[in-house]
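Chemist: The sequence and its predicted three-dimensional model are supplied below.
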Amino acid sequence: MDTPDALQPLSSNTTEFVVIGVYFCFLIAVGIVFGRLVRNSSDYFRAGGQASWWLVGLSMFMSGISTYTFVGNAAGIFKSGWSPLAIYGANVSGFLLSGLILAAWYRQMRVVTVAEAIRARFGHKSEVVLATLMVVNGLVWTGAVLYGLSVFFTLLLPGVPQVFVILAVGAVVIGYCTIGGNWAVMANDFVQGLIMVSVTVLITILCFNYAGGIGEFFSAMANSPEVDDLRFVSPLPEGKGFLEAPYGLSWLIVTFTVQFFSMVSMFQGVRFFSAKDGRAAAKAAYLAAGLMIVGCMVFFIPPIFSRLFLFEEVMSMHADPAKAPEFSFAVASRYLLPKGAFSLMLVSMLAAAISSLDTGLNRNSALIVRDLLPALLRTLGLKPIRAEREVFAGKLATVGLGGMIVLVALFYSQMRGVTLFDLMLSIANMLMLPQFIPLVLFLFIRKVPAWSALASMVAGFLPSVLNMALGWGWSYQEKSLAIVVCSSAVFFISMLFYRRISTEERERVEAFYRNMKTPIDYAKEVGQNSDVFQLRQIGLFSLALGGLTMLLLFMDNPWTGRLCIAAIGGFVILVGVLMFWLSKRRERESQ
């Protein structure tokens, strides 16, 4: 395929620096405003169970997207075409199942943290162990997200040190999370999502336009010499077994399974704790599913476009050929977007990373303050922390954990020879999959003893430990399959011991599931309603963000470039007008 000679990359970073600086200030401002809603730890860690479905839904979608989407996943798409669609298919399937059943169950558990739900079902020991594992998970995963962002920005903005990116982004996220807690997290996710969705949709349209249309784009794929690499199911390479070949059928099945367990487990279910009730939680899940379906197109087309039309440009982005494909999405964006608009693409990637960072940071702070700290104080025979001091403790935990995430990202930056795509898959496979499995199965299989979840996790960790210790050299598929089989088997076997549990434990189990199935009475259980505040403030911030975007119209661009910028800014402004109008209408109805 020929390179698009008429398209020229941007040469100056000035606009990008200004836009990103204004964007960081905007995030802090949102945190300050929504921090007004924080009165206690429930508000700080789960928005007091008052969040509207549209706020939860877009926040869920955004927190499921990260720099990994634009860097690691983009590299996988560049190399293998549609194969990573298994990840997004699992996301959509998980959200749909949540909308049908799980979202309401999660909200009706009436807890602030995942570990509190584990305590209600499996007891204090399981609570402490799982809370500790989740904090470790959060540090490892969010550190990788922040590292991925720094890799991306270092090469796209020449002269910007990787360490500076890690420190700057970490400081901003720690700042607004500390100020506004979960309210700030969801509000920022929403307004950032508006920019990210509009920019990625625009880039996809520009990819099709350059190719001559949608049909011509797919014809170019079909006629490409790399057509075999771009198929959904890659052919089995010579000398590779069924469970060894990357991007083959076994890879698709295993990747879908791992991601599906992730999406329906309590690791994701924690996001429903913020919704007003089970019905709002279900609507949020459906909204996230719809947005993820859009993502199946807009996250795939640009990397494939780069493979077809900008292959040499992508491969020149990094000295290591294995890492160069991580810039495929960015290269397409830089060549297709008009001047000034590329800075919005950078903001979109920042938004994707930050949405994962802030969610993980807030969730882990909650685990420390609400679960691990009380357990430690009980062990030491000290008095529990006073309820009115929990918010302050949460802010201290947020700062401390944020600093640790920055250190993890700095550690990753020293690693050599590992692509981000492989790194994230390895983390999900070895560390998180063994925890996902029992935290899904217990929702449907009730008659298991208190030790079943921990035993299932230990069994799930065993294959990875043995593989490393004995040097078996298992593939990603083989390790994942072994983890699923071992973890699930132990959980099912534990059912045989349910008859031996005490009467007290049996009553606790029955109370947990009865509570989980009982709908929320919002007026009695929550009472306070902040719908008007949410609509008004999100509307005002969206208007402000759209207005700031429109300032890029003053840059030197042809009319088509200005039209692209106006489309992005106009969409954000339109959403802001709608939100503000709805707030006024809701206010009149309540009078």
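Modeler: All right, it came through fine.

Chemist: my read: residue 518 touches residue 105, true?
Modeler: No - using C-beta atoms under 8 Å, residue 518 is not in contact with residue 105; the gap is 10.4 Å. For every residue, glycine as well, the C-beta is placed using N, CA and C.

Chemist: Please say which of the two ends up with more neighbours.
Modeler: Between residue 518 and residue 105, counted using other C-beta atoms under 10 Å, the more crowded position is residue 105 (18 against 11).

Chemist: contact partners of whatever helix or strand that one lives in?
Modeler: Under the criterion of DSSP states H and E, residue 105 resides in helix 103-107. The contact list for helix 103-107 (C-beta atoms under 8 Å, 6 or more residues apart in numbering) reads 49, 98, 266, 269-270, 272-273, 275, 277-282, 284-285, 443, 516-517, 519-520.

Chemist: Only C-alpha atoms, please: export it in CSV.
Modeler: In CSV, the C-alpha atoms belonging to helix 103-107 read as follows (Å, rounded to 0.1, in the frame of the first residue of the first chain):
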residue,chain,number,x,y,z
ALA,A,103,-25.8,-4.9,38.1
ALA,A,104,-28.9,-4.9,40.4
TRP,A,105,-27.4,-7.7,42.5
TYR,A,106,-24.2,-5.7,43.1
ARG,A,107,-26.0,-2.5,44.0
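
Chemist: Helix or strand next in line after it, which one?
Modeler: Counting by DSSP H and E, what follows helix 103-107 is helix 114-122.

Chemist: contact partners of that next one?
Modeler: Here helix 114-122 makes contact (C-beta under 8 Å, 6+ apart) with 109, 111, 126-128, 130-131, 134, 266-267, 269-270, 363, 367, 370-371, 439, 442, 450-454, 508-509, 511-512, 515.

Chemist: Buried residues, that helix. List them.
Modeler: Under the neighbour-count criterion of 16 or more other C-beta atoms under 10 Å, helix 114-122 has 114, 115, 116, 117, 118, 119, 120, 121, 122 buried.

Chemist: got JSON lines for those, with distance to residue 466 too?
Modeler: Shown next, in JSON lines, are the buried residues of helix 114-122 (distance: C-beta to C-beta, whole Å):
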{"residue": "114", "distance to residue 466": "28"}
{"residue": "115", "distance to residue 466": "28"}
{"residue": "116", "distance to residue 466": "33"}
{"residue": "117", "distance to residue 466": "31"}
{"residue": "118", "distance to residue 466": "27"}
{"residue": "119", "distance to residue 466": "31"}
{"residue": "120", "distance to residue 466": "33"}
{"residue": "121", "distance to residue 466": "29"}
{"residue": "122", "distance to residue 466": "26"}
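
Chemist: Please tell me how far residue 277 sits from residue 114.
Modeler: Distance of residue 277 to residue 114, given as C-beta to C-beta, to the nearest Å: 19 Å.

Chemist: Of all residues in the protein, which one is nearest the centre?
Modeler: Geometric centre of the chain, nearest residue: residue 64, 2.4 Å, by C-alpha atoms, centre = their mean.

Chemist: dump the residue contacts of that residue.
Modeler: By C-beta under 8 Å, 6+ apart, the contact set of residue 64 is 91, 263, 268, 288, 292.

Chemist: How about residue 41?
Modeler: 112, 366, 369, 370, 387, 390, 391, 394.

Chemist: and which of those residues is nearest residue 482?
Modeler: residue 366 (32.5 Å; C-beta to C-beta).

Chemist: Now name the helix or strand holding that closest one.
Modeler: Element membership for residue 366, per DSSP H and E: helix 341-367.

Chemist: quick one, that helix and helix 114-122 angle?
Modeler: 40 degrees (axes from the mean of the first three to the mean of the last three C-alpha atoms, to 10 degrees).

Chemist: What are the buried residues along the very next helix or strand once past helix 341-367?
Modeler: The first helix or strand that comes after helix 341-367 along the chain, using DSSP H and E, is helix 373-379. Buried residues in helix 373-379, counting neighbours by 16+ other C-beta under 10 Å, are found at 373, 374, 375.

Chemist: same question, stretch 502-520
Modeler: Within stretch 502-520, the residues scored as buried using 16+ other C-beta under 10 Å are 508, 509, 512, 513, 516, 520.

Chemist: Can I get whichever strand or helix holds the third one in PDB, CA atoms only?
Modeler: Which is residue 512. Following DSSP H and E, one finds residue 512 within helix 503-517. Extracted in PDB, the C-alpha atoms of helix 503-517 (Å, rounded to 0.1, in the frame of the first residue of the first chain):
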ATOM      1  CA  THR A 503     -25.800 -22.800  61.800                       C
ATOM      2  CA  GLU A 504     -24.400 -19.300  62.300                       C
ATOM      3  CA  GLU A 505     -22.600 -19.400  59.000                       C
ATOM      4  CA  ARG A 506     -25.600 -20.800  57.200                       C
ATOM      5  CA  GLU A 507     -27.700 -17.900  58.500                       C
ATOM      6  CA  ARG A 508     -25.100 -15.400  57.400                       C
ATOM      7  CA  VAL A 509     -25.100 -16.900  53.900                       C
ATOM      8  CA  GLU A 510     -28.900 -16.900  53.600                       C
ATOM      9  CA  ALA A 511     -29.000 -13.300  54.800                       C
ATOM     10  CA  PHE A 512     -26.400 -12.200  52.300                       C
ATOM     11  CA  TYR A 513     -28.300 -13.600  49.300                       C
ATOM     12  CA  ARG A 514     -31.700 -12.400  50.600                       C
ATOM     13  CA  ASN A 515     -30.200  -8.900  50.900                       C
ATOM     14  CA  MET A 516     -28.700  -9.100  47.400                       C
ATOM     15  CA  LYS A 517     -32.100  -9.900  45.900                       C
END
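
Chemist: Break the protein down into its domains, please.
Modeler: 14-423, 530-559+575-591 (automatic domain parsing).

Chemist: The ones you listed: lowest mean pLDDT?
Modeler: The weakest mean pLDDT among those belongs to domain 14-423, with a mean of 88.
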